[in-house]
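Asker: Starting from these lines, generate the structure:
(2 chains)
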Protein chains: 2
Amino acid sequence: MKLDSDAISDLDERFRALFINSLSGFKSANLVGTQNKQGNMNLSIVSSVFHLGAHPPLIGMIMRPHTVRRDTLENILETGYYTLNHVNEHILKQAHQTSARYEANQSEFEQVGLTPICQPNITAPFVRESQLKIGVKLVETQTLKVNNTELVIGEIIWVDVADGCVSEDGYIDIGQLGTVAVSSLDCYHQPNKIGRLSYAKPDRPTRFIEE
Amino acid sequence: MKLDSDAISDLDERFRALFINSLSGFKSANLVGTQNKQGNMNLSIVSSVFHLGAHPPLIGMIMRPHTVRRDTLENILETGYYTLNHVNEHILKQAHQTSARYEANQSEFEQVGLTPICQPNITAPFVRESQLKIGVKLVETQTLKVNNTELVIGEIIWVDVADGCVSEDGYIDIGQLGTVAVSSLDCYHQPNKIGRLSYAKPDRPTRFIEE
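Answerer: Numbering: from 1, shown residues only, chains lettered A, B, ... in the order given. Presented below is the predicted three-dimensional model:
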């Protein structure tokens, strides 16, 4: 199937959404935990979290006003904090269910059956059932003029991960944690490790350092 | 393992790079094809491509000046076009090897053994061996002040994907294409499909629509 600009533009809206969302490749699956000043909690699944830098430790996220609950973005702006929690295979259905449009006074934690836990100095709830929890302090948001999505940039200020999954060199085996990957809008995957490849140099062929 | 801001900041530099790069979750694996005005071609692997919108069809990419060849960004700015090509299991080692620092006059296509192919009106080479090829027209770049990375936003103007992998509703089975996922800096994964989940509604439990 070969499509040019006109053919893409002519696609049925729902077809185009699933098709274009497939193109970037595999995506991360995270639950974003937030609360407002009154302490009302929100939880929403996102596949748009991406690495932005290791030093300082920064993480980016795209929020689309039409598909992500506004509550989440409003809470982040209100408190300046949010949490990211890896979705694993055991909480997959609950995590996906957070994308339903619940009433403003309903917490997704209660509605889908996940447990909020707190951490001093971070005014946002973590998901107890997640095996990798990240506390994030908002650095900045900006509206991308090209399509009015929000780019949210945060600094990683807290990490909670099972010891046994962190290698001596810092690599975290997120497959071992049960973390899933997303493709398109609604498909989930359990990645099998192929291996780690050596640091590439021009005069040396790439080889597996761990399989 | 629990780490706060100070503990993260105290980590050894290489440990921190692998550790922080693991946190966002699974990442896409793409080869970026570019050329300069003289027609010299470049190819580099990136794990920072992300979906930005379906209508108009937009795709984002973060380029870190220290880890990605400057040639790629300079070529994109020079011609206004680039290609994204899914990395599959059969070309994994070649794809990873493109991250070696070859001389400016060496094409990574030749050095690693991948084949450039062209498409009218897109002044950037595609990778023949990739099963999903995307032609992109540059929309804008901006330097993120927070850490001087470059955000590159492009419009998808061409897609070439095997027919049999596109569902009737537009979902592309990228696992069937052999597309791999990345974690941290150097680990590759072959995702196994768990299934597609139903559109979430408050009064209906999430269920698999395809397994």
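Asker: From now on I want contacts and neighbour counts done on CA atoms only, so please keep to that.
Answerer: Will do.
Asker: Tell me the bridge partners for whichever residue of chain A sits closest to chain B.
Answerer: With Cα to the nearest Cα as the measure, A:Pro191 is the residue of chain A nearest to chain B, at 3.7 Å. On the basis of DSSP bridges, A:Pro191 takes part in beta bridges with B:Pro191.
Asker: what residues are up against it?
Answerer: A:Gly175, A:Val180, A:Ala181, B:Ala181, B:His189, B:Gln190, B:Pro191, B:Asn192 (Cα atoms under 8 Å, 6 or more residues apart in numbering or on different chains).
Asker: And these, which of them are buried?
Answerer: The neighbour-count test (16 or more other Cα atoms under 10 Å in any protein chain shown) applied to the contacts of A:Pro191 identifies A:Gly175, A:Val180, A:Ala181, B:Ala181, B:His189, B:Gln190, B:Pro191 as buried.
Asker: Can you tell me what sits against the lowest-mean-pLDDT helix or strand in chain A?
Answerer: Of all the helices and strands that make up chain A, strand A:208-210 has the lowest average by mean pLDDT, DSSP states H and E, namely a mean of 88. Taking Cα under 8 Å, 6+ apart as the criterion, the residues outside strand A:208-210 that touch it are A:Gly195, A:Arg196, A:Leu197, A:Ser198.
Asker: so how many other residues sit close to the closest residue to A:Asp173 other than its chain neighbours?
Answerer: Nearest residue to A:Asp173 in three dimensions, chain neighbours excluded: A:Cys165, at 5.2 Å (Cα to Cα, 6 or more residues apart in numbering or on different chains). Taking other Cα atoms under 10 Å in any protein chain shown as the neighbour definition, A:Cys165 ends up with a count of 17.
Asker: I'd assumed A:Thr179 was in contact with A:Cys165.
Answerer: No - distance between A:Cys165 and A:Thr179: 11.8 Å, which falls outside the contact criterion (Cα atoms under 8 Å).
Asker: ok, which of the contacts of strand A:208-210 also contact chain B?
Answerer: Intersecting the contacts of strand A:208-210 with the contacts of chain B gives A:Gly195, A:Arg196, A:Leu197, A:Ser198 (criterion: Cα under 8 Å from any Cα of the partner chain).
Asker: export those to a markdown table and tack on pLDDT and neighbour count?
Answerer: Written out in a markdown table, the entries for those read as follows (pLDDT from 0 to 100; neighbours: other Cα atoms under 10 Å in any protein chain shown):
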| residue | pLDDT | neighbour count |
| --- | --- | --- |
| A:Gly195 | 96 | 17 |
| A:Arg196 | 96 | 20 |
| A:Leu197 | 96 | 20 |
| A:Ser198 | 95 | 18 |
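Asker: quick one: which of those residues is nearest B:Lys93?
Answerer: Checking these against B:Lys93 by Cα to Cα gives A:Leu197 as the nearest, at 7.8 Å.
Asker: who's the closest one bridged to?
Answerer: In this structure, A:Leu197 has the following beta-bridge partners (DSSP bridges): A:Phe208.
Asker: how far away is it from B:Val180?
Answerer: With distances defined as Cα to Cα, to the nearest Å, the gap from A:Leu197 to B:Val180 amounts to 13 Å.
Asker: which residues are contacting the helix or strand hosting A:His51?
Answerer: Element membership for A:His51 (DSSP states H and E) is strand A:49-54. Among residues not part of strand A:49-54, those counted as contacts by Cα under 8 Å, 6+ apart are A:28-30, A:58-62, B:16-17, B:20-21, B:23-25, B:27, B:48, B:50, B:62, B:147, B:149.
Asker: What of stretch A:115-125?
Answerer: Judged by Cα under 8 Å, 6+ apart, the contacts made with stretch A:115-125 from elsewhere in the structure are A:33-35, A:41, A:79, A:81-83, A:109, A:126-129, A:135.
Asker: Tell me which two in these are the farthest apart.
Answerer: The largest distance within the contacts of stretch A:115-125, taken as Cα to Cα, falls between A:Thr79 and A:Glu129 and amounts to 23.5 Å.
Asker: what sits in contact with each of A:Leu197 and B:Val180?
Answerer: When Cα under 8 Å, 6+ apart defines a contact, the residues bordering A:Leu197 and B:Val180 alike are B:Tyr188.
Asker: picking up where we left off before, in helices, which of the buried ones among the contacts of A:Pro191 fall?
Answerer: If you go by DSSP state H, the buried ones among the contacts of A:Pro191 have nothing in helices.
Asker: Just the closest of those residues to B:Ile156, please.
Answerer: Nearest to B:Ile156 among the buried ones among the contacts of A:Pro191 is B:Ala181, at 21.0 Å by Cα to Cα.
Asker: residues in contact with the closest one?
Answerer: Residues counted as contacts of B:Ala181 (Cα under 8 Å, 6+ apart) are A:Gly25, A:Phe26, A:Pro191, B:Phe26, B:Lys27, B:Ser28, B:Ala29, B:Tyr188, B:His189, B:Gln190, B:Pro191.
Asker: which non-adjacent residue is nearest the fifth one?
Answerer: Counting by Cα to Cα, 6+ apart, B:Lys27 lies nearest to B:Val182, which is 4.9 Å off, once chain neighbours are set aside.
Asker: Specify the beta-bridge partners of the one you found.
Answerer: The bridge-partner assignment for B:Val182, based on DSSP bridges, gives B:Lys27, B:Tyr188.
Asker: tell me the pLDDT at it?
Answerer: Predicted confidence (pLDDT) for B:Val182: 98.
Asker: any chance of the contacts of B:Ala181 in a markdown table, plus pLDDT and distance to A:Asn88?
Answerer: Written out in a markdown table, the entries for the contacts of B:Ala181 read as follows (pLDDT from 0 to 100; distance: Cα to Cα, whole Å):
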| residue | pLDDT | distance to A:Asn88 |
| --- | --- | --- |
| A:Gly25 | 98 | 19 |
| A:Phe26 | 98 | 15 |
| A:Pro191 | 95 | 11 |
| B:Phe26 | 98 | 12 |
| B:Lys27 | 98 | 15 |
| B:Ser28 | 98 | 18 |
| B:Ala29 | 98 | 21 |
| B:Tyr188 | 98 | 18 |
| B:His189 | 98 | 16 |
| B:Gln190 | 97 | 17 |
| B:Pro191 | 95 | 14 |
